[in-house]
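# here are the coordinates; sequence isn't available:
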């Protein structure tokens, strides 16, 4: 999220109303670009998001996990 092209894309998404900020005020660890053109900011690490998506695709039930930094859900 620190590179200039990423920062520009985030600003453009914000200007167009396509930015979804899911960080809840925490530091952005992942930026997700969707097929619909939306840009999602996440406080979870990319590896965590990938792992959760893989579990979901297998049909397993997800259990809430604690956030890496603050011990929150």
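Received the coordinates, thanks. Everything numeric here is computed off the predicted structure, so don't read it as measured data. Numbering: from 1, shown residues only.
# which residues touch the residue positioned nearest the centre of the chain?
Residue closest to the average C-alpha location in the chain (C-alpha atoms, centre = their mean): residue 42, at 2.7 Å. Residue 42 makes contact with 22-23, 28-32, 49, according to C-beta atoms under 8 Å, 6 or more residues apart in numbering. No exception for glycine: its C-beta is placed from N, CA and C like everyone else's.
# Filter the residues you listed down to the buried ones and hand me the PyMOL line.
To isolate the buried members of the contacts of residue 42 in PyMOL, using 16 or more other C-beta atoms under 10 Å:
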select buried, resi 28+29+30+31
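# quick check, nearest of the contacts of residue 42 to residue 6?
residue 31 (5.8 Å; C-beta to C-beta).
# name the helices or strands packed onto the helix or strand hosting the closest one?
Following DSSP states H and E, one finds residue 31 within strand 30-33. Counting by 3 or more C-beta pairs under 8 Å, 6 or more residues apart in numbering; DSSP states H and E, the packing neighbours recorded for strand 30-33 are helix 4-16, strand 39-42, helix 46-57.
# can you redo these as a markdown table with mean pLDDT?
Below are the helices and strands packed on strand 30-33 laid out as a markdown table (pLDDT from 0 to 100):
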| stretch | mean pLDDT |
| --- | --- |
| helix 4-16 | 97 |
| strand 39-42 | 98 |
| helix 46-57 | 85 |
